[in-house]
Structures are given as structure tokens and as C-alpha cells.
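Novice: Please find the sequence and the predicted model below.
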Amino acid sequence: MKGGRSKAGSKDERLSVKQSKGKKVKDPNKPKRAPSAFFVFMEGFRKQFKEENPNVKGVAAMGKAGGDRWRSMSDDEKAPFVRTAEQRKKEYEKKMRAYESKQSGGNEEEESDKSKSEVNDEEDEEGSEEEEDDD
DNA sequence: TCGCTGATTGTTCGT
DNA sequence: ACGAACAATCAGCGA
């Protein structure tokens, strides 16, 4: 959290990673990290923020506003976001599995077959999705 | 014209 | 166990 990475002066280090120049490591299949509950909450917050602050420019203002609001929320309010985040994580793991699969032994298989339906394999998925305590 | 930078927190990987 | 990196967003500015 706060004590996470030292943002001060670490800019240069990040540059190396971002540019990835020399390395032509192209990972088209590499799934992006799953959005945390905070980002999930932000997805909706961004829209609202834009509506209330259409003049705001930059992401800093939004980030601060979002962060401040997020901390103000109770675990119970974050619960739905956290739950969604968990689902995202599950998908992330699933994609990650496929990604590793290819890297490991799956030769670069170009999934040319696009009609393969994007989602299928739904492993039964525990029908009971926890009680939503919907009053 | 193209692309990085900034700020937020959480999650995930690596050492 | 700790630390560093990366996830989205948008406009502004540098080369």
C-alpha cells in the first residue's frame, strides 16, 4: 500500500521496463493483470467523476478523488466491488493458464479458428453464489 | 505526430 | 517476507 514502491525518483527505472526497447518480448497472449476492487470501483466512479467534473483534466485529480472516496467506503460497500474483483481474478488465472500453456509446450498456435466461441467451458461454477443478502 | 507522465490502491510476482 | 511493478484513465507537453 502506501509503503509500496518508492515513486520518488523511480521514474527512470520504470522507463526501462516500459520501453522494453532492446527486448522484443512480445506477449500478445499475455493477459493483463486483473483489476483490483479499487479499479472495479473506479470503473463506475470514473464515469460519475466525469459527470460531476467534466472540466477536470488529468488523471491525478480523479485518482485522488477515487482514492479518497474508496477509503471512505466501508467494507460492506466495497464488498460488491471486491466480489467482482475476485471474479476478474478467476478469469485472469484462467487466461494465465492458457498463456503459460502456450509458452510451455503449446507451440505458438495461432488460434485462427475464431468461431471457437469465446466462452464455453463453464466448469459447473458453483451454482450458489453466496447469498446476496438482498434484504 | 507519437508517446510518456501523473495519482490512486490492490494484487501479483520475484528475490 | 519485502519490494517492486503493473493494472486503467485522459489530457497536456516534449522531441
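Specialist: Thanks, I have it.

Novice: Give the closest residue to A:Ser36 in space, chain neighbours not counted.
Specialist: Distances taken as C-beta to C-beta, 6 or more residues apart in numbering put A:Ala85 closest to A:Ser36, at 5.5 Å, once the chain neighbours are dropped. All C-beta spots, glycine's among them, are computed from the backbone N, C-alpha and C.

Novice: So for that neighbour, what's the pLDDT?
Specialist: Predicted confidence (pLDDT) for A:Ala85: 90.

Novice: same for whichever strand or helix holds it, what does it pack against?
Specialist: Using DSSP states H and E, A:Ala85 sits in helix A:75-104. Packed against helix A:75-104 by the contact rule (3 or more C-beta pairs under 8 Å, 6 or more residues apart in numbering; DSSP states H and E) you find helix A:37-52.

Novice: between the host helix or strand of A:Met62 and helix A:37-52, how many degrees?
Specialist: Here A:Met62, judged by DSSP H and E, is contained in helix A:60-72. On the basis of axes from the mean of the first three to the mean of the last three C-alpha atoms, to 10 degrees, helix A:60-72 is oriented at 120 degrees to helix A:37-52.
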